[in-house]
Each structure stands twice: as structure tokens, then as C-alpha cells.
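# next one to model:
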Amino acid sequence: MVNIISQLKIDVKFAHIADTHLGYRQYGSEERAIDFANAFKRAVEFSLSKNVDFILVAGDLFHKKSEMDPVTLAQAVLVLEKCDVPVIAIEGNHDSTYFRERYTWIDYLSSQGHLINLKPHFDNGKPVVEEWDGKRGSYFEIGDARIYGLKYYGMLTEQIIQDFLMKVEKGENTIFMSHFGIEGYIDMYGCINSSHLYRFRDRIDYVALGHIHKMYVENDFIFNPGSLESCDLSEYSFKRGIFIAEIDDGVHYSHESSFYTPRTFRIVNVNFSDYSRIRDEFLKQKGNAGEIVHVRINAEKNIDREKVEKLAREIFDPLVLRIQVNYASGVLQAVNVNLSDRIRVERNVISSILKGMGYEDMSEEVLRLREIFSAGNTEDADVLISDILSEKMRDALKEVKKESQVEDDDGRGESQEDEEEWRWWEAK
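Numbers count the residues shown, from 1 in each chain. Below you'll find the model as predicted:
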């Protein structure tokens, strides 16, 4: 899709990327984390191939604002350091907290010269809009373009936007970049009415947003590219990609997605009658190996989940498999649970929750901490937490050493530069 709004001379060309969510181990899968990393790499490479003057990253570069493993950080650095144009970013809700003075990973990348992190500081509760000085600032000038940046502020967004945009000055080509949604596209937290932006249309040429994971354009003024990968099952059908835009007195833009094919999500709906029938249904709906498969089964009697899972894995060969059984009203299965079964169930539940949120399996540690706190023994809790942190630090140092070995390997990094995927990102 290419829209031409003006035939005037083009002065500024840029890429608009958002919601890359680096480090997201969706479903607890390391392979999914690599999917998100490869999507980011391809998006940046495609942008550079279009000879853009700069690249905008409109929030949620990373998936977690707190923990950062060396591999995820390397996935960002190894791409950004190859950019020969400025990368201008703002912090999304996954990158930072609202107001607490905190050094974020976007701040770290900025301090190392990998990107420019735009955000205002505050004086008496009001945003101070100053030019980027090499360390901090809320707007940056390149050529005839001026880019204003405002990070995510949650429920305070509406008020802060009004105070901030009142201080925006109209330039030759003015861009406002922030991380929030526009009401009416998706029902989710962190959205505002677009009227708050149209009040300032005489000052702004292009509004570059992130936060909502599907693409939309509103009146050739407000642009949201969508995420590069599906962060949730509900997003698998969304249109997603990046914008390549050019502005002067008018705007030219195209929404691009051909540079990368996201992982396929397959939803399989079946009505259970017998295992032979369910096998036939699986075969009819079979896709390619390595997909994320969600099986939804409607049943009027109890079924053997392990048998169904075995069939599904055999036929679909999925990267991730999720099975949901919806029993008809009145179908119950009595289960006798002893103490050992209860502990096993608790461990499995905690493990599933941790993996679903992208964390590693620490169910044993969580259960142990619960027992210690229940007994009121805080000293033992301190010892266990210290041991856990020490182990994680040792693991992190090992990963850093592995990354260094890869970079120092005689010429190997150069020879692998053009490969389809940077498999050595796995650092294993």
C-alpha cells in the first residue's frame, strides 16, 4: 500500500518502527525470543536499504523494563551499532516506569551512543522541552526535520500531552513521537481520544505512535505501524510492519512487511466424539512444522488429554502447543488429590505461569520461599534469595563470556553477517 499525499520535493525520509519487544520468551520458548530478535534485525536492515535519514523506534524496544539478560541486550546492540543513521527512540510501557527516577536500558543504549532517547524532564510538575544535548533532551533536529519525543505515562498521558505539545514549535518538518493508543482501534489500557492531537495539527506534520500492535493510519496524520511479531494469540491476524515515510510540505508513506514473515499461529477447533475422528480433524487442519498451535476441543465426555496431546504433537510438529478442553455442562471428573499430588500441581501451575510470562522455570525456588515466609523465618529467606541471585549472576557472566568469544572469533562474525538469521544470538 503506497499513499501519495503530496508531489512536492522530498526533504526527509525515515523509518517508523514500534513494539519490537526484544527478549520476549513467549510461552517460555527461547525460539520465540529469537523470532522477535530476527524481526527487529530485518526491519532495521530493510529501513537502511531504503536510504532513510533516520529511524524512529516508538517505544517497547524491549519486553521487560527490569530484568535484562546479556543475550537480549546483545540482540539490540549488534543491530544498532550497524546503523549509519541516527536511531531516535522513546520509552514505552515495557521499557520504563512512569515518573520514578530510574536508569533504563534505553538510557544505557543512549549513553553508549547506540540511539537517542528523547524524553522531557519535569519542573514543578510541568514537562521541560529542550533540545537534545548529547545526553538528554526531548527533541532532536536532523536536516529540516525536528523530532519531539514523549515516553509512556499511562493514565497521566492526556494531561502531559497537552502541556508538552503546547511547547512544540512548528518547523519545516515536525514529527511528534510517543507511546500510547488512539481510542477506537482496540479496547486496551493506555489509549486517548485523537482530538488531543488534532488541536496541534498546525504544528505537527507526522504523529509517530506505538503501543497498539496493529497498523492504523488516521487522516494521514496519526501513524501506528503495529508490532513485528504477535505478542498474544489475539493479535495473530493483525496487520503489522513498519512505515517508510517522506515529508516536506506533505507526506508520502508506505506500510512495509515483506521483509519478514512472522511465526504462524494456528487455531484448531474440533468437536470430540472419538480419537479416530479427532485425528482426522487434526490432519485436515495441519499446517507447517514449527507453528504455534492452539487446539480448542469441545467435549461432552471426559477425554485423555495426554493422548490428545500426543496426537497433536505427532501431526502438527509445533514449536508450541496449547490445548484447551471445553466440557459440556454437567461433565465432571472426580480426582483424589493427596499431599504429593497437591505439591506437584502447585509446582506445575507456578511453572506454567512463569513460562507464560516469559520467565524461566523457578517453581522450586518460589515454593521454597513460600514455605519459608509461611514459617516466618526471614533469615532463611535472605539466604535463599542471595543464593538465587548469585547463581543468576554467574549464569549472566557465562553468557557475556560466550558473546565475547563469538565476537573475537577470527573473522567468523564477518563471514556470518549475511546469513538469514543470526543464530549465534542464542549464545549457547
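# show me the shaky parts of this structure.
1-10, 67, 97-101, 329-428 (pLDDT under 70).
# now the strands for the stretch 251-400 of the chain?
Taking DSSP state E, counting those that start in this stretch, the strands of the stretch 251-400 of the chain run over residues 251-256, 265-271, 292-299, 320-327.
# could I get the ones you listed as JSON lines with distance to Tyr108?
Every C-beta, even on glycine, is put in place using the N, C-alpha and C of the backbone. Below are the strands of the stretch 251-400 of the chain laid out as JSON lines (distance: least, CB to CB, whole Å):
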{"stretch": "strand 251-256", "distance to Tyr108": "29"}
{"stretch": "strand 265-271", "distance to Tyr108": "33"}
{"stretch": "strand 292-299", "distance to Tyr108": "31"}
{"stretch": "strand 320-327", "distance to Tyr108": "31"}
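# adding mean neighbour count and distance to Ile90 as columns, could you present those in a markdown table?
Below are the strands of the stretch 251-400 of the chain laid out as a markdown table (neighbours: other CB atoms under 10 Å; distance: least, CB to CB, whole Å):
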| stretch | mean neighbour count | distance to Ile90 |
| --- | --- | --- |
| strand 251-256 | 19 | 20 |
| strand 265-271 | 16 | 29 |
| strand 292-299 | 19 | 30 |
| strand 320-327 | 15 | 31 |
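# now stretch 108-121: how far from the chain's centre is it?
Put simply, stretch 108-121 sits 19 Å off its chain's centre (CA atoms, centre = their mean, to the nearest Å).
# and that stretch, which residues are buried?
Leu109, Ser110, His114, Leu115, Ile116, Asn117, Leu118, Lys119, Pro120 (16 or more other CB atoms under 10 Å).
# and which of the residues you listed is nearest Asp53?
Asp53 has its nearest neighbour among these in Ile116, at 13.3 Å by CB to CB.
# helix or strand: which one has the closest residue to the closest one other than its chain neighbours?
Nearest residue to Ile116, sequence neighbours excluded (CB to CB, 6 or more residues apart in numbering): Ile88, at 4.8 Å. For Ile88, the host element (DSSP states H and E) is strand 87-90.
# what strands flank that strand, and is each parallel or antiparallel?
Counting by DSSP bridges, the strands paired with strand 87-90 are strand 54-58 (parallel), strand 116-117 (parallel).
# so which of these comes closest to Lys170?
Per CB to CB, nearest to Lys170 of those: strand 54-58, 19.1 Å.
# continuing past the closest one, what's the next helix or strand?
Strand 54-58 is succeeded, C-terminally, by helix 70-80 (DSSP H and E).
# what's the angle between that next one and strand 54-58?
With axes from the mean of the first three to the mean of the last three CA atoms, to 10 degrees defining the directions, helix 70-80 sits at 150 degrees from strand 54-58.
# how distant is stretch 159-171 from the center of its chain?
27 Å.
# which residues outside it are in contact with it?
Residues from elsewhere that reach stretch 159-171 (CB atoms under 8 Å, 6 or more residues apart in numbering): 120, 126-127, 129, 138, 141, 144-146, 148, 150, 153, 174, 176, 178, 192, 196-197, 199-200, 202-204.
# with only the CA atoms kept, save it in PDB.
The C-alpha trace of stretch 159-171 is given here as PDB (Å, rounded to 0.1, in the frame of the first residue of the first chain):
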ATOM      1  CA  GLN A 159      -2.600  15.900  30.700                       C
ATOM      2  CA  ILE A 160       1.100  15.600  29.900                       C
ATOM      3  CA  ILE A 161       0.500  15.600  26.200                       C
ATOM      4  CA  GLN A 162      -1.400  18.900  26.400                       C
ATOM      5  CA  ASP A 163       1.400  20.500  28.500                       C
ATOM      6  CA  PHE A 164       4.100  19.100  26.200                       C
ATOM      7  CA  LEU A 165       2.500  19.900  22.800                       C
ATOM      8  CA  MET A 166       1.800  23.500  23.900                       C
ATOM      9  CA  LYS A 167       5.600  23.900  23.800                       C
ATOM     10  CA  VAL A 168       6.100  22.300  20.400                       C
ATOM     11  CA  GLU A 169       7.300  24.800  17.700                       C
ATOM     12  CA  LYS A 170       6.300  24.400  14.100                       C
ATOM     13  CA  GLY A 171       9.300  23.700  11.900                       C
END
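# out of the strands of the stretch 251-400 of the chain, the one nearest Asp60 is which?
Closest to Asp60 of the strands of the stretch 251-400 of the chain is strand 251-256 (CB to CB; 18.5 Å).
# the closest one packs against which elements?
The contact analysis (3 or more CB pairs under 8 Å, 6 or more residues apart in numbering; DSSP states H and E) places strand 251-256 against strand 2-4, strand 242-247.
# run the last query once more with 10 Å
The contact analysis (3 or more CB pairs under 10 Å, 6 or more residues apart in numbering; DSSP states H and E) places strand 251-256 against strand 2-4, strand 12-17, helix 30-49, strand 216-218, strand 222-224, strand 242-247.
# and the third one with strand 251-256, angle?
For the pair helix 30-49 and strand 251-256, the angle between their directions (the same axes, to 10 degrees) equals 150 degrees.
# buried stuff in helix 30-49?
So for helix 30-49, counting by 16+ other CB under 10 Å, buried means 32-44, 46-47.
# and those residues, which two are furthest apart?
Farthest pair in the buried residues of helix 30-49, by CB to CB: Arg32 and Ser47, 23.2 Å.
# not counting residues beside it along the chain, what's closest to Arg322?
His294 (4.8 Å).
# pretty sure the one you found is touching Val268, no?
Yes. Using CB atoms under 10 Å, His294 makes contact with Val268 at a distance of 6.9 Å.
# shared neighbours, those two?
Residues touching both His294 and Val268 (CB atoms under 10 Å, 6 or more residues apart in numbering): Leu321, Ile323.
# verify the stated contact: Arg240 with Ser258.
No. Contact between Arg240 and Ser258 fails when scored by CB under 10 Å: they sit 12.0 Å apart.
# between these two, which one's more packed in?
Higher neighbour count among Arg240 and Ser258: Arg240, with 23 against 8, using other CB atoms under 10 Å.
# would you mind measuring from the more buried one to Asp60?
13 Å (CB to CB, to the nearest Å).
# which neighbours do those two share?
With CB under 10 Å, 6+ apart, Arg240 and Asp60 have common neighbours Ala18, Asp19, His213, Ser227.
# so what's Tyr148 up against?
With CB under 10 Å, 6+ apart, Tyr148 has these contacts: 90, 118, 120, 129, 137-140, 164-165, 167-169, 171, 174-178, 203-204, 207-208.
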